[in-house]
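Engineer: attaching a predicted model along with its sequence, questions to come.
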Amino acid sequence: MASETITAPTGSTTTSGDDNLVEVKNLKIHFPVTAGFIISKTVAENKAVDGVTFDVRRGETLGLVGESGCGKSTTGRAILQLYKPTSGQVIFDGVDLTTVHGGDLRPYRRKMQMIFQDPYASLNPRMSVRDIIGEPLLIHKLGKPAERRERVAELMRIVGLNPFYATRFPHEFSGGQRQRIGIARALAVSPDFIVCDEPVSALDVSIQAQIINLLEELQEQFGLTYLFIAHDLAVVRHISDRVAVMYLGKLMEMADRNEIYDNPLHPYTKSLLSAVPIPDPVLEKKRERIILTGDVPSSLRPPKGCVFHTRCPIAIEECRQVIPEWREVEPGHHVACHRV
Amino acid sequence: MAPLLQVKDLRTYFYTDEGVVKAVDGVTYDVQEGETLALVGESGCGKSISALSLLKLIPIPPGRIVSGEVIFEGEDLMKMDEDDLRKIRGNRIAMVFQEPMTSLNPVLTIGKQMTESLELHLKLNSQAATARAIQLLEMVGVAEAERRITDYPHQFSGGMRQRVMIAMAMACNPKLLIADEPTTALDVTIQAQVLEVMARLSREFGTAVIIITHNLGVVARYADRVNVMYAGRIIESASAETVYGDPRHPYTLGLLNSVPRLDQRQGEKLIPIEGLPPDLGRLPPGCSFYARCTFRTDKCREEYPPLQLIEENHYAACWVDVRKGSAATHGK
């Protein structure tokens, strides 16, 4: 097993020509809601993700934004095959992962990793930093113990931690340092693709900037592709090449970073952007805001037609009846809205 | 006219097994009638403790308010006994907390919780209190208030719960509202709704607000004055426009540089503040920001810079003039 190298070549590997690393096609994840104790039956379906289609290009960062419960994390996890999709395809590097099962998935798991939101909950408190970062190597049977140890030290240096602390435990580190440990763990198997699920939202602003910069440096250094899931639109604008906006399990709009912020087309994107205060009092006093009324409806009973129509300031009758189509209105700018 | 609230040299220490943690270490500021003051800073900088200390709402022990005066409408709250303080809490000074679910009692209806303080402070009978509660709920934008007043907290969404909290806080028409991270747990569109409600009510009632937050955008939108806190002390204080437009403390400058902005076109690199905040139990003798500061001088290591007036209405605690770019000492 030691014959397999630990440090895989950086950047994209075999396939050439195709610039989409990940393609998600009409992905649906419906969680059954069951009732009854001995004879349990499905009484409803939670449509966490309900037909999303997008691709992630090699080497880019795709930002996935939305409010709590919109299905953005579920989408990320489904790409990694941590949830079994109800229907739809997830094509990674040319292979439809939904048709690969069990142990056959393992080589693909090595290419796809995840960074979690909560650096307190995502690290086992009883494992030393060395064991945490080295665990993926162990699972994928990469390297001899001595090589693994050396690789862990290298990874710690890469993410800005002193390898001297390898024998310490998570509680001895601050939030930002823990997040670095989580990043090192994700990098251990030299993946191509990393799902970053709210990696900075639990951190203070000054630390947040350190982690964002680190993620950017790593992307450049190792040619990584990110799916960056977040609710903070300013952070997403900063780090992403393209941005996709989700609401109640569906994609509302997707475009290049600057396009979506300068020229948002969907009323939800517009109100989302206007709700974010900008740290500049002079500018803030001049800004006009669209304040949405009401709360996000439950995904157990999503509204008919366009899921956003209950809060939409410009909804018409058609929106209440017909589900808007996901269409490309300008090259690279997709939107699902009848009024655009 | 005297300010509504004067905080003078407030110090709150926690006596733990590992030593004394100086959570709040000499904080002085005023709140004028009707103004919105923001306390900004990162986790552990003492912003919440300094506000909770105003009403002696910290756990004693291990906490202790070591020194300070808190003069509210001419009376020193620190000298008051528990009974007198209770008459002020929730009455003339009200609070809204971050977690609406944990600050509401899950086994009592919203109506019961709201009428409690009305009956206690305003001596209303239960009918009048209920009518007032419904009126308050309508004011904060809870639909069908008459029906919802018999609901329990879990039947409300996060944003609605925070509206209920605001309604409860405004129930006795307070002079001062302390809002501790009121929207941190909420989504952006809901956050905007809740903050607008709060701003509108404080305008209508002429309530002064102390808003505690780490969100620099929220501060920019809602605050008249800003106190930036670091390691238990105020390190800069000025109007919101001044703090954002002409920051004079390296920490304030660092904070502003490290947040990505929604209106930033170019994917420029963020300039983070390197390192970590200091351990409040082992503060260095000099400036507590020394280790992370890019402007530091030898003087900063040895002597703590006091918060001093640097121009009209603008205070900063720094030995260095950050406008000169690098470490140029001024003063002695």
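Structural biologist: Cool, got the structure.
Engineer: now whichever strand or helix holds B:Glu236, how far from the chain's geometric center?
Structural biologist: Here B:Glu236 is covered by strand B:233-239, with elements defined by DSSP states H and E. Computed by C-alpha atoms, centre = their mean, to the nearest Å, the chain-centroid distance of strand B:233-239 equals 13 Å.
Engineer: how about low-confidence regions in the chain?
Structural biologist: All of this is about chain A. Low-confidence segments of chain A (pLDDT under 70): A:1-18.
Engineer: hm, I was asking about chain B
Structural biologist: B:1, B:265-267, B:325-332.
Engineer: following the biggest helix by length in it, which helix or strand shows up next?
Structural biologist: Longest among the helix segments of chain B by residue count, using DSSP state H, is helix B:188-205. Going down the chain from helix B:188-205, the next helix or strand is strand B:208-213, by DSSP H and E.
Engineer: relative to helix B:188-205, how tilted is that following strand?
Structural biologist: Relative orientation of strand B:208-213 versus helix B:188-205 (axes from the mean of the first three to the mean of the last three C-alpha atoms, to 10 degrees): 160 degrees.
Engineer: check which helix or strand A:Val282 maps to.
Structural biologist: Using DSSP H and E, A:Val282 maps to helix A:281-286.
Engineer: buried stuff in whichever helix or strand comes after that helix?
Structural biologist: As assigned by DSSP H and E, the chain's next helix or strand after helix A:281-286 is helix A:317-321. Residues A:Cys319 are the ones in helix A:317-321 that count as buried (16 or more other C-beta atoms under 10 Å in any protein chain shown). All C-beta spots, glycine's among them, are computed from the backbone N, C-alpha and C.
Engineer: residues touching residue 317, list them.
Structural biologist: Here I'm looking at chain A. Listed by C-beta atoms under 8 Å, 6 or more residues apart in numbering or on different chains, A:Glu317 has no contact partners.
Engineer: meant chain B actually
Structural biologist: B:Ala317 touches B:Arg233, B:Ile234, B:Ile235, B:Glu236, B:His249, B:Cys287, B:Tyr304, B:Pro305, B:Pro306, B:Leu307, B:Gln308, counting by C-beta under 8 Å, 6+ apart.
Engineer: burial of the third one, as a residue count?
Structural biologist: What it means is B:Ile235. Neighbour count of B:Ile235, defined by other C-beta atoms under 10 Å in any protein chain shown: 25.
Engineer: thinking again about what came up before, send the alpha carbons of the strand holding B:Glu236 over as CSV?
Structural biologist: Only the C-alpha atoms of strand B:233-239 are listed here, as CSV (Å, rounded to 0.1, in the frame of the first residue of the first chain):
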residue,chain,number,x,y,z
ARG,B,233,-11.4,48.5,27.3
ILE,B,234,-12.8,51.1,24.9
ILE,B,235,-10.0,51.9,22.4
GLU,B,236,-11.9,54.3,20.2
SER,B,237,-15.0,56.3,20.5
ALA,B,238,-16.6,58.7,18.0
SER,B,239,-19.6,59.2,15.7
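Engineer: who does that strand touch, helix- and strand-wise?
Structural biologist: Counting contacts by 3 or more C-beta pairs under 8 Å, 6 or more residues apart in numbering or on different chains; DSSP states H and E, strand B:233-239 is packed against strand B:19-31, strand B:225-230, helix B:250-258, strand B:314-316.
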